[in-house]
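Colleague: predicted model, plus sequence, below.
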Amino acid sequence: MDHPGAGTGFDDNVEVSVVLPAYNEAGTIESTVATTLSTLAGFLPAGAFEVLVAEDGCDDRTPAIADRLAAEDDRIRHVHSDERLGRGGALERAFSAAGGDTLVYFDTDLATDMRHLEELVERVRSGDADVATGSRWLPGEVADRPTKRGVPSKVYNGLVRLFLRSSLRDHQCGFKALSREAFTHLRDDVEDDHWFWDTELLIRAQRAGLVVAEFPVKWEPKGDTKVDLVRDVFGMGSQILRLWWQVSVSPRITRRVSVGAGALLTLLALALMTLYLDPGAVLRELESADRGLVVLAALVYLCSWPLRGARYRDILDELGYRERLGFLTGAVFISQTGNLVFPARAGDAVRAYVVKARRSIPYPTGFASLAVERVFDLLTITVLGATVLVGFVVTGSADQVVSAVSGGVPGVDPRSARVALTVAAGVAAAAVIVLAVIVASARRDRNLIRRSLARVSTDSYADYAAGILERFVGDVQTVAADRTAFARIGANSLVIWGLDVVTAILVLAAFDVGLAPPTLVAVSFFAVSVGNLAKVLPLSPGGIGLYEAAFTLLIAGLTPVTGPTAFGAAVLDHAVKNLVTVVGGVASMLALNVSLTAAVDETGETDPPDAPDPDPDIDSD
């Protein structure tokens, strides 16, 4: 949060506002401000300029120094934030608070020779350009950079020019200016709030038809900054791809293309099912099964989907986002259909993208809500399976379970069975460990994340990434810490998975297996629980194969049901559930105009409840 009650300090005579983004710059900020003021005074009249220190949630003496400087000189203003906004976020807030029509910023290490400041300012102030930027790679002033800096910079700028069709040579030089009108035009379009903000500003400006002037500057590296894995590879690379999608791909996707892509991906999901399941076997089992019970099973399973949407709504509600049940149920349908198509449960990422694009729910919160949902799923099916296992032990049937697990079942590949059971046991143990970690971490200092990430990366982008991870963990802990919400979501999960088991019971009963109801119910609960735990790891799309192996092994091993019949029931049970998922996914894609690759029809986004206040408080004299 910002300091309350501070004034704006606007001066109608100010023409040029220079913003200095500062994060833990206690050792240099005072000398940088002094150099900036003296340089501006050399070519601008008195009272025509101001210097704003955009102090970005520092944890050193920078805020105190900026306060003192602002109190001593009315040309200096301090824009303070208690929390880290990121370099771009700090710049945007300071520009919004600035009084000049020409907005300038440069790095506080003064790596760019300050003799270029007048040219930078005048390029925009004169009206010759809307945006001006210094360049370290234009002929005449090519920077003499160490290999560990020069090579990544050239590669990065080359990728930007290739993917984003930019005509500029240097996008990340921290020496830029733009007009107030250009800033107003671009600020809502620029999404990144950290290091990529510079690049996105330039790309958006070029795409908007604004005049962007690039001129060579003398630049000398300061300090011993090194290539950073987090920032240079994951951070900047992913932002290039994100912006490429938004400016080059997304505008070309019409509703017709969206619906077509959704249909093709749905067909792909069905085609992938045939790689793991014999369509002929499914048809033969359908012919011998009671079709009325199969239809009833499908309807029962369908009833679980609004409950899935309601559970997701409750999780998001705990995180401060209230959404409609229909939208969230559709989002769950789409993501689960994606999990049938994409490897490694990439459909979960589709859901995070949908709620971000359509409801402005931040990615950390989107993935945290999914993590909470997955934890509840794993815990619920673990509890269900463990409860039945305890029942077997109490009734003296433990030997039968051991025999079923260790023995072979005709028609079931022993290797698949072993893999399925091993995975199920591992996932069950992991679910319990994850719950323990969440509970324990809720009582620990979140800076453990920041310290751990600092071992991998020393760049300030690592601190930014740590903030995202802290938000992710914090969101998970928020739900886990609310006992009422935890109990409500847990009860909902029990009903959801109970309906999943009832679906399997009805499918098994459709084969007239002749089992007594108590046995049918107990064995089905055990088989479905272990089968679902087995398919958690993305070893095959939708877990097809592992589920059938575990289900068949337990049903045939614990009951008089033959292996072929148990396998047929497993195949039909999984097929019914996947078909309901695919049909629901198609309907949701059509209703929401969403493909599995992107949210096409992006409606107007609203600021999330925890978005920062756009009007920063200013500390000034």
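Modeller: Sure, I can see it. Residues are numbered from 1 along each chain as shown.

Colleague: against Ala504, how distant is Ala527?
Modeller: 7 Å (Cβ to Cβ, to the nearest Å). For glycine as for every other residue, the C-beta is placed from the backbone atoms N, C-alpha and C.

Colleague: where do the contact lists of the two overlap?
Modeller: Between them, Ala527 and Ala504 share the neighbouring residues Phe551, with contact defined by Cβ atoms under 8 Å, 6 or more residues apart in numbering.

Colleague: need the three-state assignment for Val18.
Modeller: strand (DSSP: H, G, I helix; E, B strand; the rest coil).

Colleague: neighbours of it, how many?
Modeller: Val18 is flanked by 27 other residues according to other Cβ atoms under 10 Å.

Colleague: quick check, it in contact with Phe49.
Modeller: Yes: the pair Val18 and Phe49 passes the contact test of Cβ atoms under 8 Å, sitting 6.8 Å apart.

Colleague: any weak-confidence spans in the stretch 351-500 of the chain?
Modeller: By pLDDT under 70, the low-scoring segments of the stretch 351-500 of the chain are 392-393, 396-428, 430-432, 434-477, 480.

Colleague: rewinding a little: joint contacts of Val18 and Phe49?
Modeller: Common neighbours of Val18 and Phe49 (criterion: Cβ under 8 Å, 6+ apart): Leu40.

Colleague: the lengthiest helix in the chain - contacts with which helices or strands?
Modeller: Under DSSP state H, the helix in the chain containing the largest number of residues is helix 363-394. The contact analysis (3 or more Cβ pairs under 8 Å, 6 or more residues apart in numbering; DSSP states H and E) places helix 363-394 against helix 291-318, helix 347-359, helix 398-406, helix 414-441, helix 460-481, helix 483-509, helix 517-534.

Colleague: that one to helix 291-318, inter-axis angle?
Modeller: Inter-element angle recorded for helix 363-394 and helix 291-318: 130 degrees (by axes from the mean of the first three to the mean of the last three Cα atoms, to 10 degrees).

Colleague: and helix 363-394, what's buried?
Modeller: Within helix 363-394, the residues that count as buried by 16 or more other Cβ atoms under 10 Å are 364-373, 375-385, 388-389, 392.

Colleague: again with stretch 130-140
Modeller: Residues 130-138 are the ones in stretch 130-140 that count as buried (16+ other Cβ under 10 Å).

Colleague: one more: stretch 44-59?
Modeller: Using 16+ other Cβ under 10 Å as the test for burial, stretch 44-59 gives 44, 48-58.

Colleague: among the residues you listed, which are in helices?
Modeller: Nothing among the buried residues of stretch 44-59 maps onto helices, per DSSP H.

Colleague: now the residues you listed in CSV, with distance to Val247 and pLDDT?
Modeller: Converted to CSV, the buried residues of stretch 44-59 look like this (distance: Cβ to Cβ, whole Å; pLDDT from 0 to 100):
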residue, distance to Val247, pLDDT
Leu44, 36, 95
Ala48, 36, 94
Phe49, 34, 96
Glu50, 34, 96
Val51, 33, 96
Leu52, 30, 96
Val53, 33, 95
Ala54, 27, 92
Glu55, 32, 90
Asp56, 27, 85
Gly57, 30, 84
Cys58, 34, 86
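
Colleague: how near is Gly531 to Thr559?
Modeller: In terms of Cβ to Cβ, Gly531 sits 15 Å off from Thr559.

Colleague: which of these two has more neighbours?
Modeller: Neighbours per residue (other Cβ under 10 Å) separate Gly531 from Thr559, with Gly531 holding more: 28 against 23.

Colleague: Throw the buried residues of stretch 44-59 into JSON lines and include distance to Arg204, thanks.
Modeller: As requested, the buried residues of stretch 44-59 are exported to JSON lines (distance: Cβ to Cβ, whole Å):
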{"residue": "Leu44", "distance to Arg204": "28"}
{"residue": "Ala48", "distance to Arg204": "28"}
{"residue": "Phe49", "distance to Arg204": "26"}
{"residue": "Glu50", "distance to Arg204": "26"}
{"residue": "Val51", "distance to Arg204": "26"}
{"residue": "Leu52", "distance to Arg204": "23"}
{"residue": "Val53", "distance to Arg204": "26"}
{"residue": "Ala54", "distance to Arg204": "20"}
{"residue": "Glu55", "distance to Arg204": "26"}
{"residue": "Asp56", "distance to Arg204": "22"}
{"residue": "Gly57", "distance to Arg204": "26"}
{"residue": "Cys58", "distance to Arg204": "28"}
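
Colleague: just those residues: which are in strands?
Modeller: Among the buried residues of stretch 44-59, the residues falling in strands (DSSP state E) are 49-56.

Colleague: out of the residues you listed, what pair is the most spread apart?
Modeller: Spanning the widest gap among these are Phe49 and Asp56, at 22.0 Å by Cβ to Cβ.

Colleague: this protein - how does it break down into domains?
Modeller: Domain segmentation of the chain under automatic domain parsing yields 16-149+167-224, 265-592.

Colleague: to Val155, which of these lies closest?
Modeller: Nearest of the domains of the chain (Cβ to Cβ): domain 16-149+167-224, 11.3 Å.
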